[in-house]
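A.B. asks: Sequence isn't available, so here's the structure alone:
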DNA sequence: CAGTGAGCGAGCTTCCGCTTGACTT
């Protein structure tokens, strides 16, 4: 007989709690939800008042069986699932599925895993909150209806295996809309003027002071006129202003902010962040990593305070509580923080150590005093001109929390390092060293990163901490969205410099549009988005989730009947699905670009069976249409008639080499040159349309020498063992497996014995 | 490795939100 059975959601949590409670309590976990809607026929009896059909999924049968038998032997069962909508529902499903006795079941909740919080929870048990459970059922049923009615519609109208849903479809929409903003963006050119003035430095020697002109010029002529005006001007300090500035530390991490900072500071993908955090959590080093709360337990704040005093002194200590600002936060857990704040570092993999350190610093910083800065602004008047120069500088008076942590931003524009300004006095005449007018362009909106998309979704109240990473993966798996690098372009900008009595001109190269690991829509992504926008505007509205959430809240408060709410949504929704099924055409993103000058037949693009294609002529024509696949980086939306025509210029013969033809084409793996029926990939900088014989031969010979150099060493006794030169340097190849060569050894000097030893000692790859 | 681009009409795909492994490379 068990005295007390406590059921929580997470096994790591169960372990900790059992330690706190001791022998009279057995703590087990449900591993999340134990029941879900059946997958057949929606899993909802739509006509019978939206009655959900719940089943225990195959992978949950074992745990349900185990819990059931434990519960039977227990005097009291404590349902200690999270205190939010989902947690309440899990408790209810447990109650139902385990066949619990109402008199021997208690519902308890706590927001932090501390001994006090848990003991306190045991003293304040309650019953299952049916209204809250109903709100969850409404949420679940609505998501199923949307997902399982829209997805099959897409299979019919666009392509099999596609999907749509309340969350993912809006995530894709964000990406599609941003891309369109970028495509329709016209950069504005302007000239920014900066001046450098000679002043006396702090050590008495000469120094320069940089100042920006208060005005930008749209045209080069205006900038030039201004520079020539300055030739004879005097520059006088007309005002010095000093302002104190305070900076507060950011709140401790939530899932979303952790993903953002790990992306910016450590270059982690959201998936990577979550799996590293999971390992830290499982080994007891951090608190739960899926949370929307910025709250810290009293105990944690106390430990942080002690650590701060000890390491930095009382001056650096300022404890505070943060409150959440994000929409729909349910705050069932604490913020993400180290379990033991006294440990500033931990053991583990490099990734674990780095992420832990980030979490530790952020948590500690959140309880430190504000940073104090002094901002200085110096105004400089120009005789004979209405504009003025402004120099700004920031001096750190007291570092406060900045001693341990500085938050990063997504801003691509580099903040110029502003330091201390030299000491100048009002009415000082400044000597001009030079004045520059440099051409700039306004920046296009940035594409989303995984983490900045999560941030946006959180702002809109779409998705939950446990779903951010999976959603980002889903939209990429469906091929609605791709994560890729954009090389950008290099362009020339004009730089005008006034020095002495002359103005010189220079062309400066500047990179534009370079982006790494950014998200962009695919053609399918855009087509699906437009199809959904056209037929289901309400669901695609960024406020859809917020408005249904409001209704879920009413259900949770007992003021609204949940099947009624669902009916109100479903009736018009289902009608729209029916209409779209009957009336809307198949969406292939077809678009006529113009006419083929040679044949006069129309040129169009669309999604074909194997992806986007260009087409000359129509299927109904007597003469069959000609087809060509679009190249990587081209899209239905942006391809021009010229680009499409170019596609039909391949394959083409560009000359001869060793008595055989050189043919340029584009295949599944990109552009290639074919020679003697062998294929050689072109490099990124080669252009399939303009590449010439000479360069093609170069590519071929390069590849040949590379292949010759591939073999470093071979052994007669063991012909299957090779020492090869690969992309990442020399390695050993044996039995289809590759082995790294220790840096201390020279690959060409290795003996067979040494090779065997390396193979023996190679770590098994399944190890974490 | 380097192509295809109609529809014979099987049987499958799909949601969001809770949780972890069990699998590969």
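C.D. replies: Cool, got the structure. Here the structure is a predicted model, which means the values were calculated and not measured.
A.B. asks: Quick check: buried residues in stretch A:619-635?
C.D. replies: Residues A:625, A:628, A:629, A:630, A:631, A:634, A:635 are the ones in stretch A:619-635 that count as buried (16 or more other Cβ atoms under 10 Å). Every residue, glycine included, has its C-beta placed from N, CA and C.
A.B. asks: And stretch A:237-255, by the same measure?
C.D. replies: In stretch A:237-255, counting by 16+ other Cβ under 10 Å, buried: A:237, A:240, A:247, A:249, A:250, A:251, A:252, A:253, A:254, A:255.
A.B. asks: Okay, the residue nearest the centre of chain A and DNA strand B: tell me how far apart.
C.D. replies: With distances taken as Cα atoms, centre = their mean, residue A:450 lies nearest the centre of chain A, 1.2 Å away. Counting by Cβ to the nearest atom of the strand, to the nearest Å, the gap from residue A:450 to DNA strand B is 16 Å.
A.B. asks: Verify the contact between that residue and residue A:262 for me.
C.D. replies: No: look at residue A:450 against residue A:262 with Cβ atoms under 8 Å: they stay out of range, at 10.5 Å.
A.B. asks: Can you classify the residue of the stretch 351-500 of chain A at minimum distance from DNA strand B as helix, strand or coil?
C.D. replies: Ranking the residues of the stretch 351-500 of chain A by distance to DNA strand B (Cβ to the nearest atom of the strand) places residue A:464 first, at 3.1 Å. Put simply, residue A:464 is coil when judged by DSSP: H, G, I helix; E, B strand; the rest coil.
A.B. asks: how deep is it tucked in, by neighbour count?
C.D. replies: Per other Cβ atoms under 10 Å, the neighbour tally for residue A:464 reads 20.
A.B. asks: list the contacts for the nearest residue to it once chain neighbours are set aside?
C.D. replies: Among residues not flanking residue A:464 along the chain, residue A:292 sits closest, at 7.5 Å (Cβ to Cβ, 6 or more residues apart in numbering). Neighbour list for residue A:292: A:254, A:255, A:256, A:324, A:326, A:328, A:329, A:330, A:331, A:458, A:464, A:465 [criterion: Cβ atoms under 8 Å, 6 or more residues apart in numbering].
A.B. asks: now residue A:292, what's its secondary structure?
C.D. replies: Here residue A:292 is coil, with the state taken from three-state DSSP.
A.B. asks: Give me the pLDDT for it.
C.D. replies: Residue A:292 is assigned 97 on the pLDDT scale.
A.B. asks: Check which helix or strand residue A:193 maps to.
C.D. replies: According to DSSP states H and E, residue A:193 maps onto strand A:189-200.
A.B. asks: contacting residues around the helix or strand just after that strand?
C.D. replies: Next in sequence after strand A:189-200, counting helices and strands by DSSP H and E, comes strand A:206-213. Identification of contacts with strand A:206-213 by Cβ under 8 Å, 6+ apart yields A:192-201, A:226, A:378, A:380, A:387-391, A:421-422, A:424, A:430, A:433.
A.B. asks: Are any of those buried, and if so which?
C.D. replies: Neighbour counting with 16+ other Cβ under 10 Å marks A:193, A:195-197, A:199, A:226, A:378, A:380, A:388-389, A:391, A:421-422, A:424, A:430, A:433 as buried within the contacts of strand A:206-213.
A.B. asks: Check the residues you listed and tell me the two furthest apart.
C.D. replies: Greatest spatial distance in these: A:226 and A:422, 24.7 Å, computed using Cβ to Cβ.
A.B. asks: Verify the stated contact: residue A:593 with residue A:605.
C.D. replies: Yes: assessed by Cβ under 8 Å, residue A:593 is found in contact with residue A:605 at 6.4 Å.
A.B. asks: Comparing the two, which residue is more hemmed in?
C.D. replies: residue A:605 (27 against 19).
A.B. asks: ok, that one - contacts?
C.D. replies: A:589, A:590, A:591, A:593, A:612, A:613, A:614, A:615, A:630, A:636, A:639, A:644.
A.B. asks: so which strand or helix has it?
C.D. replies: strand A:602-608.
A.B. asks: And residue A:81, by the same measure?
C.D. replies: Remark: residue A:81 resides in no helix or strand, with elements defined by DSSP H and E.
A.B. asks: Would you mind measuring from it to residue A:404?
C.D. replies: Between residue A:81 and residue A:404 the computed distance is 36 Å (Cβ to Cβ, to the nearest Å).
A.B. asks: All set, thanks.
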